[in-house]
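1. 3D, please:
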Amino acid sequence: MAKYLDLTGLGRVLSNLLGLLGDKVDKVEGKGLSTNDYNATDKALVDKLATADAAGGALLTTEQANKLAGIEANANNYTHPTHTAHESGLYKVTVDGSGHVSGAIEVVKSDITGLGIPAQDTTYNEATSSSAGLMSATDKSKLDGVATGANNYTLPAATQQDLGGVRVGSGLNVSDGTLSVPGMGAASSAAAGTAGLVPAAAAGDQAKFLRADGTWAEPTNTEYDAATSSAAGLMSATDKAKLDAFGNADTYALKSDITNVYRYKGSVATVSALPATGNTAGDVYDVQERGVNYAWTGTAWDPLGELFALDTITNAEIDGLFE
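-> Below you'll find the model as predicted:
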């Protein structure tokens, strides 16, 4: 159990703190940790031990010295080789093992023909429908007269304003390009009906409804009596008034909401005197020897409180924190 610090203990803490403060060393203005001052000149010298400074001649670290030892003398003393300059043109070049151009010879006709390229002029006949060739001026004129994307046509969908393609949906018939809707198929006790045009109603049939058998008929006049305690029916005005007198369902407590509330049952002398049987969840007894109420959870007695004592921190425990 945790302990607390009272006024007496707080005085003991203060006494220990004052004792520690009596052994402190007062700060001397202009001094550091000793009489041997560490000045700016000394600081600059120490900084040079860690960082190389070519201008100031600083010392090298071990890592820097090892890096320098691994570099060959004149490692960056490099001069790129020169070569005879050439004017722009077509050349055969030679490259040495270091990737430098070491020679350049001008290309001659024999170098080109040696690649299989004919040395004479090449002529082509005009293209025909059976052989490839050059495009004639007539064909070029014809091609220029064709608009870009001239054959790139997609039939648009029809709308109420625009002509276009139409897909035939379910329940429609197409015969010789004529679209039609079949008549409604009547349902029977053995077969379902089919979708289609609704048969026309006759004059004076405006109060009738369309039956599943495809005919127009008047609805059956159904009347209901008021409900009784033994027969279903319509709600009477008396019952409706009685129902309106009740509040909303969420304003009433359910039985499950109140079955486990605490119920004071009496007092017993000891915990062992609490009844072991015949209890209902929520039963509460006062146990005199403990001065605490016990409630039955449904399976066991549960104390609703507990007695406890507070202990203070002793002087010996406080002194131990400063040792």
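
2. Parallel or antiparallel, which strands does whatever helix or strand Ser102 lives in pair with?
-> If you go by DSSP states H and E, Ser102 is part of strand 101-106. Strand 101-106 pairs in its sheet with strand 91-95 (antiparallel), by DSSP bridges.

3. Can I get the strand it pairs with as PDB, trimmed to CA atoms?
-> Backbone C-alpha positions of strand 91-95 (Å, rounded to 0.1, in the frame of the first residue of the first chain) are rendered in PDB as follows:
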ATOM      1  CA  TYR A  91      35.400  10.300 -90.600                       C
ATOM      2  CA  LYS A  92      36.500   6.800 -89.500                       C
ATOM      3  CA  VAL A  93      37.900   7.200 -86.000                       C
ATOM      4  CA  THR A  94      40.200   5.000 -83.900                       C
ATOM      5  CA  VAL A  95      39.800   4.800 -80.100                       C
END
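
4. Helices of the stretch 151-300 of the chain, start to end?
-> With helices called from DSSP state H, counting those that start in this stretch, the stretch 151-300 of the chain shows them at 237-244, 255-258.

5. deepest of the ones you listed, which one?
-> helix 237-244 (a mean of 10; mean count of other C-beta atoms under 10 Å). Where C-beta positions appear, they are placed from N, C-alpha and C, glycine not excepted.

6. how far does that helix sit from the chain's center?
-> 54 Å (C-alpha atoms, centre = their mean, to the nearest Å).

7. got a list of contacts for that helix?
-> Ala227, Met235 (C-beta atoms under 8 Å, 6 or more residues apart in numbering).

8. Tabulate the helices of the stretch 151-300 of the chain (CSV), appending mean pLDDT and distance to Trp301.
-> CSV is the format used below for the helices of the stretch 151-300 of the chain (pLDDT from 0 to 100; distance: least, C-beta to C-beta, whole Å):
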stretch, mean pLDDT, distance to Trp301
helix 237-244, 88, 45
helix 255-258, 71, 21
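
9. Relative to Asn76, which of those is closest?
-> Proximity to Asn76 (C-beta to C-beta) singles out helix 255-258 among the helices of the stretch 151-300 of the chain, at 90.7 Å.

10. re earlier: Glu323: which of the helices of the stretch 151-300 of the chain is closest?
-> Closest to Glu323 of those is helix 255-258 (C-beta to C-beta; 60.0 Å).

11. Could you list every helix and strand that that closest one packs against?
-> Using 3 or more C-beta pairs under 8 Å, 6 or more residues apart in numbering; DSSP states H and E as the contact test, no helix or strand touches helix 255-258.

12. if we can go back for a sec, tell me which residues are up against the strand holding Ser102.
-> Contacts of strand 101-106 (C-beta under 8 Å, 6+ apart): His83, Thr84, His86, Gly89, Leu90, Tyr91, Lys92, Val93, Thr94, Val95, Asp96.

13. residues in contact with the fifth one?
-> It refers to Leu90. So Leu90 contacts Glu106, Val107 (C-beta under 8 Å, 6+ apart).

14. any idea how far it is from Val107?
-> To Val107, Leu90 is 4 Å away according to C-beta to C-beta, to the nearest Å.

15. Who does the closest residue to His86 other than its chain neighbours form a beta bridge with?
-> The shortest distance from His86 to any non-neighbouring residue, by C-beta to C-beta, 6 or more residues apart in numbering, is to Ala104 (5.3 Å). On the basis of DSSP bridges, Ala104 is bridged to Val93.

16. Repeat that for Thr312.
-> Tyr4.

17. okay, which residue is most central for the protein?
-> Asp250 (38.6 Å; C-alpha atoms, centre = their mean).

18. what separates that residue from Asn151, distance-wise?
-> Following C-beta to C-beta, the distance that separates Asp250 from Asn151 is 73 Å.

19. Ser131 belongs to a helix?
-> No. Read with DSSP: H, G, I helix; E, B strand; the rest coil, Ser131 is coil and lies in no helix.

20. since we're on it, how many residues are nearby?
-> By the measure other C-beta atoms under 10 Å, the count of residues near Ser131 is 8.

21. Thr297 too?
-> 13.
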